[in-house]
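Student: Return a 3D structure for these sequence lines:
(2 chains)
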Amino acid sequence: MTSEIDRRDFLKLAGIGGLGVVFGSALPGMGHAAAQDDFYFIQLSDTHWGFEGPPNPDAKVTLKKAVAAVNSLDRQPDFIVFTGDLTHTTDNPMERRKRLSEFREIVSALKVKTVRFMPGEHDASLDNGKAFKEFFGSTYYTFDHKGVHFIAIDNVSDPRAAIGEEQLAWLAADLAQQKKEAPIVVLTHRPLFDLYPQWDWATRDGAKALDLLLPYKNVVVFYGHIHQEHHHMTGHIAHHAAKGLMFALPVAGSQANRTPVPWDPAQPYKGLGFRSIDADPRAGYKLTELPVTNKG
Amino acid sequence: MNHATKRLRFAYAAIIVMIASFGVYVVAQSAVPKERTIRITTKRFDYSPAEVTLKKGVPVVLEFTSKDVMMGFNLPDFGVRADIVPGTVTRVRLVPDKTGTFIFLCDIFCGIGHEEMNGKLTVVD
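Tutor: I've put the predicted structure just below:
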């Protein structure tokens, strides 16, 4: 328990010092619920295993370095989530499975064995999630951890970037089981709001999911897709995008095309990283951005 | 004034109203710019043409056909989108109400080059 308090205090100090920590939405209801305890988990996203190209000359080892970075954390997280684009897209179904298999093999080296996987459009949009399901099971699901309700939403298996009416009905039925003040964490790949539709940074029917979530007081969304840290509020719902683990993408609309940020040999791994999310019943969520290597 | 004269005057009045209305109709028609049609073909992973120039206020029909798989056309700045289904012609009507250069993109994931499948629509005065 001492180490947990120390860690929490450190995070608070780091936040004051501006060391890459974001304090997420407060959770006024969390302190009153039973069976709740502070914990932390790791979000990794957009590993794009199979990518080759100048934006990452270190592509063959980047995922392995990320796994090593997570394994080197002093205190291991309760669990790890991958929020999509595990692999880089391919038109070849056999190659897709090869990449998914290699990805699974590499991440099996994680010390923490509770790992939740989600698809991105690169994994799932060309076959409606068929190959992904063969390796990792359902593309949308829920789980509970220490009083927090997690909902993984699939907005990529439909190539139109839609959640779809069937899944929305499933979401509505799941939410109907929750109290309005229940702490809810949504995991997804694409932003549920229109971040920048001009670059396909949106979910076609994301507004419907947000409408369903809106009556719940303590909702936070963690997603990927845009390969950079980004924080946004829709009403009282906080949305936090994670950095990618293969190449960084530019700020929305900052250049004509959505081409990757060039690799900088002087600062390899700049713009790449992962995050820890500390769920604290007293203070809310604390996000800490972590580098792949100490050179990032 | 006998009954026949009254009917004749009413007929004249009706004809005058009809002529006047037609004149207004013709004037109104000539005030509406003629609708342009621009044909755009799609194939993985291109629009052809990928750059289109329109005039502000002039109605246009973008007429899409796909040479291979289903594609999307999304022009977020004007709030319009459509599915482009192989074997059919997809028509998108638009009256540009602002000038500038705007991105349109395929919003149906269509393969390895999907993320580069986009184009530019420029609207001039």
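
Student: all strands of the stretch 51-200 of chain A, in order?
Tutor: Assigned by DSSP state E, counting those that start in this stretch, the strands in the stretch 51-200 of chain A fall at A:79-83, A:115-118, A:141-145, A:148-152, A:183-187.

Student: Then chain B?
Tutor: For chain B, the strands defined by DSSP state E cover B:36-43, B:46-48, B:51-55, B:60-66, B:71-75, B:80-84, B:90-94, B:100-105, B:118-124.

Student: Buried residues of the longest one, list them for me.
Tutor: Along strand B:36-43, the positions that meet the burial threshold by neighbour count (16 or more other CB atoms under 10 Å in any protein chain shown) are B:Ile38, B:Ile40, B:Thr42, B:Lys43. Placement of C-beta: from N, CA and C, glycine included.

Student: Give the rounded mean pLDDT of it.
Tutor: Across strand B:36-43, pLDDT averages out at 96.

Student: Also compute the angle for that strand relative to strand B:80-84, please.
Tutor: Calculated by axes from the mean of the first three to the mean of the last three CA atoms, to 10 degrees, strand B:36-43 forms an angle of 50 degrees with strand B:80-84.

Student: for chain B, what are the low-confidence residue spans?
Tutor: B:1-8, B:10-33 (pLDDT under 70).

Student: Which residues of chain B lie near chain A?
Tutor: By CB under 8 Å from any CB of the partner chain, the residues of chain B that approach chain A are B:72, B:74, B:76-77, B:102-103, B:105, B:107-112, B:114-116, B:118.

Student: tell me how far the ends of stretch B:94-104 are from each other?
Tutor: 13 Å (CA to CA, to the nearest Å).

Student: do you know how far A:Asp174 is from A:Phe39?
Tutor: As for A:Asp174, its distance to A:Phe39 is 21 Å (criterion: CB to CB, to the nearest Å).

Student: meant to ask about A:Asp91, not that
Tutor: A:Asp91 is 41 Å from A:Phe39, by CB to CB.

Student: And for B:Thr65?
Tutor: For B:Thr65, the distance to A:Phe39 - CB to CB - is 54 Å.

Student: what do you get for A:Asp46?
Tutor: 24 Å.

Student: Got the domain ranges for chain B?
Tutor: B:1-32, B:36-124 (automatic domain parsing).

Student: Need the winner for burial among those domains.
Tutor: domain B:36-124 (a mean of 17; mean count of other CB atoms under 10 Å in any protein chain shown).

Student: First-to-last residue distance for that one?
Tutor: 15 Å.

Student: again, but for stretch A:77-92
Tutor: Across stretch A:77-92, first to last residue, CA to CA, it's 35 Å.

Student: now do stretch A:109-123
Tutor: Start-to-end, stretch A:109-123 (CA to CA) is 21 Å.

Student: same question, stretch A:41-54
Tutor: 32 Å.

Student: Flag every buried residue along that stretch.
Tutor: A:Phe41, A:Ile42, A:Gln43, A:Leu44, A:Ser45, A:Asp46, A:Thr47, A:His48, A:Trp49, A:Gly50, A:Phe51.

Student: who are the neighbours in contact with the residue lying closest to A:Thr139 once chain neighbours are set aside?
Tutor: Computed as CB to CB, 6 or more residues apart in numbering or on different chains, the closest residue to A:Thr139 that is not its neighbour in sequence is A:Asp154, at 4.0 Å. A:Asp154 makes contact with A:Met118, A:Pro119, A:Ala124, A:Gly129, A:Thr139, A:Tyr140, A:Ile163, A:Gln167, A:Thr188, A:His189, according to CB atoms under 8 Å, 6 or more residues apart in numbering or on different chains.

Student: repeat that for 10 Å
Tutor: Shown in contact with A:Asp154 (CB atoms under 10 Å, 6 or more residues apart in numbering or on different chains): A:84, A:118-120, A:124, A:129, A:132, A:138-141, A:162-164, A:167, A:188-190.

Student: repeat for A:Thr114
Tutor: Neighbour list for A:Thr114: A:Phe41, A:Pro77, A:Asp78, A:Phe79, A:Ile80, A:Val81, A:Phe143, A:His145 [criterion: CB under 10 Å, 6+ apart].
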